[in-house]
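*Asks:* Need coordinates for the following:
(2 chains)
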Protein chains: 2
Amino acid sequence: MTNKSILGFEVEKQSFDSLGVPRARAAKLTLPGSLGKSHEIQTPVFMPVGTVGSVKGITPGDLRTMSAQIILGNTYHLYLRPGHFRVERLGELHQFMAWDGPILTDSGGFQVFSLAGLNKIDDEGVTFQSHLDGSSHRFTPELSMEIQKALGSDIVMAFDQCPPYPAERDQVRAAMSRTVRWAERGLNVPLKPHQARFGIVQGGLYEDLRIQSAQEITSMPFDGFAIGGLSIGETPELMQKMAAHTAPLLPLHRPRYLMGVGRPEDLVEGVRAGIDMFDCVMPTRNARNGQLFTSEGKVNIKNAKYAESKEPLDPECDCEACTHYTRAYLRHLFVSKELLSARLNTIHNLTYYIRIMKQMREAILDDRFEEWAKTFYRKRGHDVR
Amino acid sequence: MTNKSILGFEVEKQSFDSLGVPRARAAKLTLPGSLGKSHEIQTPVFMPVGTVGSVKGITPGDLRTMSAQIILGNTYHLYLRPGHFRVERLGELHQFMAWDGPILTDSGGFQVFSLAGLNKIDDEGVTFQSHLDGSSHRFTPELSMEIQKALGSDIVMAFDQCPPYPAERDQVRAAMSRTVRWAERGLNVPLKPHQARFGIVQGGLYEDLRIQSAQEITSMPFDGFAIGGLSIGETPELMQKMAAHTAPLLPLHRPRYLMGVGRPEDLVEGVRAGIDMFDCVMPTRNARNGQLFTSEGKVNIKNAKYAESKEPLDPECDCEACTHYTRAYLRHLFVSKELLSARLNTIHNLTYYIRIMKQMREAILDDRFEEWAKTFYRKRGHDVR
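*Replies:* This is a model prediction of the structure:
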């Protein structure tokens, strides 16, 4: 594959495992941008999820403070409300939500299968019911592209079929084949000049199907490649194993994105496997549920033992929640259902995710990723892997 | 009354109405502070309400950005959760919530009558049920002082009985008399050295009772005086009339606080009457309900006519909501029930309230308050008063 992509991807450091397989790497991803300036993303990178035009509870200013480099927007949600053409008329997603950094939009595929009401799938597309009002809608690979084109995101994802877990081999194979055909159809829809496009490898937990899917998808002129269909109910061990199996099947000089993953340790294992990009609702959703990530492991801030704790949530964290407030206050806000709780917790969890990604990048660049990972697991009280 | 108060109150400008009654004024209120630095408050001033340890949805940093000078905390709520002694152990309310500016706490009187479940009042105090879990509690004038002492607020309010509206004259007179006796009892409870103490004038909508209450309460050694029992269901006109009747009954050289008031036009009429301090949940509560205050009047941000409006909410406002986002985006956040909606709307409404207070202060200092008020009403499309 020639590097005629509008997306630049410069691998700065590439490590190899004991078998010589390329693994953890640090890279610079560049995108042309739609607002008169190009974007540079340093990988590995975590993308906070801004489902429906905002990262829940926080502002673009907050995202900049925590050094978020790129965020994710959801095609399914924005299509339903406020509508993609409305977003386009309001200056596309960047201007609509006042975020001038890069945005990746998903294809809507995952949501129409997991979130929408009764859905009916055929080779042409998917008919589904809105989770908001039960109204009937239909997505096709072409419409998914048109929606993302209107949203004006910087990275557009191909429309895929994500089979459930567990699923029979035949069902997974059928979804994989359909995903390949849909990828081809989507490629025929022109995007805006600044938009890069990623293909998605499916194949469930079947190693041979992952190989076949990767071969077919990477033969198409995508700017980057994602591993989809993981973190949907299988064990973390199976997920990590399948990501590590699939990552080396993707081109070395294209970005690799592990969709919807995951816990901090899943990010570490994903980076170890050679993944460049991640997204997950876990830091933001858990924040709203009082589940906080710290350098010493998880904290359930609701716990009575924090009721009079004058300690910061995480002494290693420089976020607003950790530098201004005690665990006691954060617990009080959560227990009292104060709005500020979700905001401070979200700022903290995202800051944590972004910090460990930055630390991993620096460790890779310094040839000490394995050492960093050991310390990471030891401090959290896990067995050292 | 001699000016031996720990509270300083310097009237910088005092206007008089056509009958020679002292009316709108600008002053500097100083308080010793508990964190090693004194506080100066420029009046007239609006106090954002931080019910239970946070101004809902925003941070102390946000309060400083909008130039909030003093906030209010609720004794009833903080007593129930997290508990006043716990707050004291965590460094009193200032350190607990990381707000180093001045704090006024109410007495809990209003809440035990309006918010708590079944309450039973006698001369000694009030027994009530928690609105959280129905548990039984009892407030006395002494306990209200002890709670506020533990919270460490800068201004402590006397425990009063606020009769409902409408109420018979005898009922209002009885509540007024009880409020006087409770004020005396509260004065016998020592506070912390930095805490000033305000008495509360009751008397409902009966002019003679207001006179009698003011005479009795102002004969006691309070550092400032509040007008209570208004804005509880009577018409705005009656409220404004009674505030204007009562304000001149209070000492010229002590701060005057109109409790729980009100709409922007109520603030204007309160300032005109000679009030120095105001608090109200309206800007924060309405923000969460999508009711926004602008220089041209109220905006219901949910309204479909804003769905594609690229205009800022209020072009005269310099808050984060108005300088970063369109009406269309603010509407989208509200309609989609995004957490960010409450935050941005709250920042806006409080910024608006604080700005008009500042404008009124400057107008008073420049001898052009009436002119300012005329413009205020004209821009909002009201009849000029």
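
*Asks:* what does the helix or strand of chain A with the lowest mean pLDDT rub up against?
*Replies:* Least confident helix or strand, chain A: strand A:117-121 with a mean of 86, by mean pLDDT, DSSP states H and E. Residues from elsewhere that reach strand A:117-121 (C-beta atoms under 8 Å, 6 or more residues apart in numbering or on different chains): A:Val112, A:Phe113, A:Val126, A:Thr127, A:Phe128, A:Gln129, A:Ser130, A:His131, A:Gly134, A:Gln161. Any C-beta I mention is one placed from the backbone N, CA and C, and that applies to glycine too.

*Asks:* Moving C-terminal from that strand, which element do we reach first?
*Replies:* strand A:126-129 (DSSP states H and E).

*Asks:* So for the longest helix that chain A contains, mean pLDDT?
*Replies:* Counting by DSSP state H, the longest helix found in chain A is helix A:339-365. For helix A:339-365, the mean pLDDT works out to 98.

*Asks:* buried residues in that helix?
*Replies:* For helix A:339-365, a neighbour-count test (16 or more other C-beta atoms under 10 Å in any protein chain shown) marks A:339-358, A:360-361, A:363-364 as buried.

*Asks:* Determine if any part of it is in contact with chain B.
*Replies:* Yes: residues of helix A:339-365 are located near chain B by C-beta under 8 Å from any C-beta of the partner chain, namely A:Leu339, A:Leu340, A:Ala342, A:Arg343, A:Leu344.

*Asks:* can you pull the contacts of the spatially most central residue of chain A?
*Replies:* Nearest to the geometric centre of chain A sits A:Asp279, at 1.6 Å (C-alpha atoms, centre = their mean). Counting by C-beta under 8 Å, 6+ apart, A:Asp279 touches A:Phe46, A:Met47, A:Pro48, A:Val49, A:Leu72, A:Leu104, A:Tyr257, A:Met259, A:Gly260, A:Val261.

*Asks:* State whether the fifth one is indeed within a helix.
*Replies:* No: counting by DSSP: H, G, I helix; E, B strand; the rest coil, A:Leu72 is located in no helix; its state is strand.

*Asks:* List the contacts of it.
*Replies:* By C-beta under 8 Å, 6+ apart, the contact list for A:Leu72 reads A:Met47, A:Pro48, A:Val49, A:Gly50, A:Ile103, A:Leu104, A:Thr105, A:Asp106, A:Asp279.

*Asks:* Which strand residues bridge the third one?
*Replies:* According to DSSP bridges, the partner residues bridging A:Val49 are A:Leu72.

*Asks:* For it, give me its contacts.
*Replies:* Counting by C-beta under 8 Å, 6+ apart, A:Val49 makes contact with A:Val55, A:Ile71, A:Leu72, A:Asn74, A:Asp279, A:Cys280, A:Val281, A:Thr284.

*Asks:* Using a markdown table, lay out those residues together with pLDDT.
*Replies:* Listed next are the contacts of A:Val49 as a markdown table, based on pLDDT from 0 to 100:
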| residue | pLDDT |
| --- | --- |
| A:Val55 | 98 |
| A:Ile71 | 98 |
| A:Leu72 | 98 |
| A:Asn74 | 98 |
| A:Asp279 | 98 |
| A:Cys280 | 98 |
| A:Val281 | 98 |
| A:Thr284 | 98 |
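
*Asks:* now A:Ile364: how far from A:Ile275?
*Replies:* 12 Å (C-beta to C-beta, to the nearest Å).

*Asks:* A:Gly8 too?
*Replies:* As judged by C-beta to C-beta, A:Gly8 and A:Ile275 stand 19 Å apart.

*Asks:* Compare neighbour counts for those two and give me the winner.
*Replies:* Neighbours per residue, other C-beta atoms under 10 Å in any protein chain shown: of A:Gly8 and A:Ile275, the larger number sits with A:Ile275, 28 against 16.

*Asks:* Do I have it right that the more buried one meets A:Met259?
*Replies:* No: the pair A:Ile275 / A:Met259 is not scored as a contact, 10.1 Å apart, by C-beta atoms under 8 Å.

*Asks:* if I look at those two, which residues touch both of them?
*Replies:* Common neighbours of A:Ile275 and A:Met259, counting by C-beta under 8 Å, 6+ apart, are A:Ile227.

*Asks:* rewinding a little: and the least confident of the contacts of strand A:117-121?
*Replies:* The lowest pLDDT within those belongs to A:Phe113, with 87.

*Asks:* Please enumerate residues in contact with the helix or strand hosting it?
*Replies:* A:Phe113 belongs to helix A:109-114 when assigned by DSSP H and E. Applying C-beta under 8 Å, 6+ apart, the contact partners of helix A:109-114 are A:74-77, A:119, A:121, A:126, A:128, A:139, A:144, A:157, A:159-162, A:164, A:200, A:228, A:232, A:259-260.

*Asks:* which residues touch the residue in the stretch 201-350 of chain A that chain B sits nearest to?
*Replies:* Nearest residue of the stretch 201-350 of chain A to chain B, counting by C-beta to the nearest C-beta: A:Leu339, 3.8 Å away. With contact taken as C-beta under 8 Å, 6+ apart, A:Leu339 is in contact with B:Ser54, B:Lys56, B:Gly57, B:Leu339, B:Ala342, B:Arg343.
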